[in-house]
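>>> fold the stuff below for me.
(chains A and B)
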Amino acid sequence: MIILLALVVIADKAVGLAFVTLKDYGLKVNPEYKSLKTSYVVEKMDADVLIVGSSRAEHHYIPDIISDSLGVSVYNCGQRGGRFLYQNCVINMVLDRYTPKKILWDFLPGCMIVSGDNEKEYRCVRYLSPYYGKNKWTTEFINSEDKMSAVKMRCQMFAFNSRLPSYLAPFVRKGATTQNGYVPLPSEGYEYPVLNSDYMDDSKYEPDLKKFELFASTIERCKREGVELLLIASPRYSYSSRAYMCAVSDLRKMAAEYGYEIYDYADLYLDDPTRFKDSGHMNHKGAMAFTEMVIEKHLRSER
Amino acid sequence: MTFTSFGFLLFFPLAVLFYNVVPQKFRLWYLLTVSYAFYAIMQPVYLVLLAGVTGLTYFFARWIAKTEDEPKRNGIMVCGIVCVLLPLFFFKYYNFVNEQISALIGIEQLMPRMKWMLPVGISFYTFMAIGYLVDVNNEVVAVEKNIGTVGLFLSFFPIVLSGPIERAGNMFPQFKELKSSTAEDIAAGAKLMIWGYFLKLCVADRLGIYVDAVFGNVVHHNGTTLLFASLLHSVRAYADFAGYSVLAMGVARCMGIRIIENFHRPFFATSMSEFWRRWHISLIKWITDYIYTPLTFAVRKWKIWGVVVSIMLAFFVSGFWHGAAWTFIVWGLIQGIYLSIEALTRKSRMKFESKFKLAGKWWYTMLCCCIVFALFSFSQIFGHCESLSEAGLVIRKIFTSRGSLFTDAYSMVYGFGFMALLFVVDFLEEFFSGRVKLLNNKHIVVRWATYVAMIMIVLMFGVLDGGSFIYFQF
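Predicted coordinates for the structure are as follows:
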């Protein structure tokens, strides 16, 4: 039994080493492959303007349009499944490495409310496994998942669970698979979303104070390091609940203390379902229109 | 704390270690304490209920054993069964029965609705308690005078949450001995656990990601996707429940205790009746011994129609046991219909097979397996949907709404790969039993390479971020 355990431990260490090597080599041969996006963002990307957020950011902001309009380099760091804690971690990891001119943070006010689905905050946690124990933001983020995370993460096979295809894919498929991080969603060929006509708002508002604290700390850091921060809640095709509005209000107050504003465009395109792939994500048509709007209203004037 | 939680990986080795350290005469009470502690971590409040059912079972069993007069014994047994069933009724069926009666008489709510959480494992330990009372009444087992033994029987931690539904005749003799674990016990138990974790984490939970995504949004998926998800759901259900049962066997075996095998490669059954001798074996044996057989004896004068009535009632009970909802009842009745048709057509089918010498032909066996799988998958639509209308919608869309298949690359690559591995292993066990061995290979290098490979597969590819067993809700 002890020998078996020893064999498993050796295999475990070998697996951890193999994954880190795969990641490093993948970043050399195909750095902008979508499955290595998080690693590319935290290790290599050095754009002037970052767009940070979840899949909503990934599908809503077109870096090439912003880049052409403003003459700066732009990268869309939006990550599918990456909610507030992930976004907060990535922003701080990037700021540890360099100071971008501007961060466009596609914010999710709904994530700042106490709810029963906090486990969704950790959907992207395995993207940061290579940095556990080496980077304080990652270690704190992963350790906040549950009390036993620090023990579990000692097992490399657990740390890189389900990640093998992601690390092998850059070698199989050559070339960038995003447009500077942007992933367009098709604009037609499916049924557009429908607003819920029976919508009843029974939401309760309870702010997640821990997240508010982290948010304050990060925007205070941006202020201190001279990073221009643009906080936007991009459009979706659903009604905003009372709890959501309360979260936006409280977040606005907090951001205002540091001289920042939160721009809530959640209801911007409720009259046009053809701009949406589903209730949470705009398609390419919507992304084009929205990106142009953001440039005109917030980026061109500030420049 | 479920078998796949990290806490269990810490709890279990300590439990086995102390089991072997504790003197044999105290092991019963040690296991009872550990089992109650295990249950208390889940639902401490309902420990009282478990203890109460244990007390009732013990009391009535002793009363039955003391009573000579047969009609009186039967009466005490029935009384005991009713008392033991009452908590199950209140926690699981009260709201459903209340709603149905209210709807029938046309009022909103006859009685106040109960909002209590269902006690985990109540369906399992209630059936085990009933089985024990009947066995004592029929003198199949001797009454147990030690309440600790009865208490452990109903609360034994490997089986308390989701079965198998054990019998006193199998467990009591083992609880009287409680020998130390041998190296063979630990090895055999560990192998079962590795296989159980693979079934649950790599097959069931992987397929579950896709199946739940589709069935969670039935309105937006086309018939092609719903058909595919329905077929996958059958495999998922098998891997999930069989995985749990194998884990339970492994955990118990590490302490030298053997519990009943609950699944025996059901998708290689060539008829629905054979399927039900391979799927959830402990439940079907319970229903056969305590409902079907007495019923067929009572209605034996009705001949084949007596068999049909017994089958339908037995599977009505099976469906209702699974859940207090019309979907489960319909699911059970569909199984009953399948078996009734088989019973009614048995002679003609045998004639047909004999006439064309079909028995033993590989393509005929495969065809029968596919038909059984398809029939079971159809019934599982009702088992999985939230309501009859949703099940109806799924079935309607399967036949009328074509379209492209919804795909999710990672779930499908992993899920299909491990599903294929599961079927290969089951296939080899079914048709070439004992010839291809990996976990039990005589060469130590092959055995250990397999152990390490299986552990690596579970840790690297299993769904490790939580996920409860489907049967947990019972």
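>>> what mean pLDDT does the helix or strand that contains B:L422 have?
Assigned by DSSP states H and E, B:L422 belongs to helix B:409-431. Helix B:409-431 shows a mean pLDDT of 89.
>>> chain A contacts on chain B?
Contact residues (C-beta under 8 Å from any C-beta of the partner chain) of chain B with chain A: B:6-7, B:186, B:220, B:409-410, B:413-414, B:448, B:451-452, B:455-456, B:459-466. Every residue, glycine included, has its C-beta placed from N, CA and C.
>>> quick one, which of those are buried?
B:6, B:186, B:414, B:451-452, B:455-456, B:459-464 (16 or more other C-beta atoms under 10 Å in any protein chain shown).
>>> any idea which element the one residue in chain B that gets nearest to chain A lies in?
Ranked by C-beta to the nearest C-beta, the top residue of chain B for proximity to chain A is B:L459, at 3.7 Å. Secondary structure from DSSP H and E places B:L459 in helix B:444-461.
>>> and B:T327, by the same measure?
According to DSSP H and E, B:T327 maps onto helix B:326-344.
>>> same check, this time on A:I51
Per DSSP H and E, A:I51 falls inside strand A:49-52.
>>> tell me which helix or strand comes right after that strand.
helix A:55-60.
>>> for the stretch 201-303 of chain A, what spans make up the helices?
A:209-224, A:242-257, A:284-294, A:300-302 (DSSP state H, counting those that start in this stretch).
>>> coming back round to it: output the contacting helices and strands for the helix holding B:L459.
Using 3 or more C-beta pairs under 8 Å, 6 or more residues apart in numbering or on different chains; DSSP states H and E, the elements in contact with helix B:444-461 are helix A:2-29, helix A:156-159, helix B:183-197, helix B:409-431.
>>> what are the buried residues along the first one?
Using 16+ other C-beta under 10 Å as the burial criterion, the residues of helix A:2-29 that qualify are A:8, A:11-12, A:15-16, A:19-20, A:22-23, A:26-27.
>>> and if you look at the third one?
For helix B:183-197, the buried set under the neighbour-count rule, 16+ other C-beta under 10 Å, comprises B:185-197.
>>> what lies in contact with stretch A:69-80?
A:37-38, A:41, A:45-64, A:66-67, A:86, A:90, A:94, A:101, A:106, A:124, A:127, A:178, A:180-182, A:295, A:299-300, A:303 (C-beta atoms under 8 Å, 6 or more residues apart in numbering or on different chains).
>>> 7 Å instead?
Where contact means C-beta atoms under 7 Å, 6 or more residues apart in numbering or on different chains, the residues beyond stretch A:69-80 that reach it are A:37-38, A:41, A:45, A:47-58, A:61, A:63, A:66-67, A:86, A:90, A:101, A:106, A:124, A:127, A:180-182, A:295, A:299-300, A:303.
>>> tell me the residues of the stretch 151-300 of chain A that contact chain B?
Within the stretch 151-300 of chain A, the positions lying close to chain B (C-beta under 7 Å from any C-beta of the partner chain) are A:152, A:155, A:157-158, A:160-162, A:164-165.
>>> only the buried subset of the residues you listed, as a PyMOL command please.
In PyMOL, this line selects whichever of those come out buried by 16+ other C-beta under 10 Å:
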select buried, chain A and resi 152+155+157+158+160+161+162+164
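>>> report the two of the residues of the stretch 151-300 of chain A next to chain B separated the most.
Maximum pairwise distance in these, criterion C-beta to C-beta, is 21.4 Å, between A:K152 and A:P165.
>>> count of neighbours near A:Y260?
A:Y260 has 18 neighbours, counted by other C-beta atoms under 10 Å in any protein chain shown.
>>> find the nearest non-adjacent residue to it, please.
A:L229 (5.5 Å; C-beta to C-beta, 6 or more residues apart in numbering or on different chains).
>>> from A:A256, how far out is the one you found?
To A:A256, A:L229 is 12 Å away according to C-beta to C-beta, to the nearest Å.
>>> more crowded one of these two?
A:L229 (20 against 11).
>>> shouldn't B:T296 be within a strand?
No - according to DSSP: H, G, I helix; E, B strand; the rest coil, B:T296 belongs to no strand; its state is helix.
>>> can you tell me the closest non-neighbouring residue to the one residue sitting closest to the centre of chain B?
In chain B, the centroid-proximal residue (C-alpha atoms, centre = their mean) is B:H280; its distance is 4.5 Å. Among residues not flanking B:H280 along the chain, B:N262 sits closest, at 6.2 Å (C-beta to C-beta, 6+ apart).
>>> next: A:R221.
The nearest residue in space to A:R221 (C-beta to C-beta, 6+ apart) is A:L95, at 6.4 Å.
>>> find me the pLDDT at that neighbour, would you?
So A:L95 comes in at 96 (pLDDT).
>>> what do you get for the one 3 residues further on?
As summarised for this prediction, A:Y98 has a pLDDT of 95.
>>> next up, the contacts around it.
A:Y98 touches A:D46, counting by C-beta under 7 Å, 6+ apart.
>>> repeat that for 10 Å
Contacts for A:Y98 (C-beta atoms under 10 Å, 6 or more residues apart in numbering or on different chains) come out as A:45-47.
>>> kindly report the same for B:W195.
By C-beta under 10 Å, 6+ apart, the contact set of B:W195 is B:242-243, B:246-247, B:249-250, B:422, B:425, B:439, B:454, B:458.
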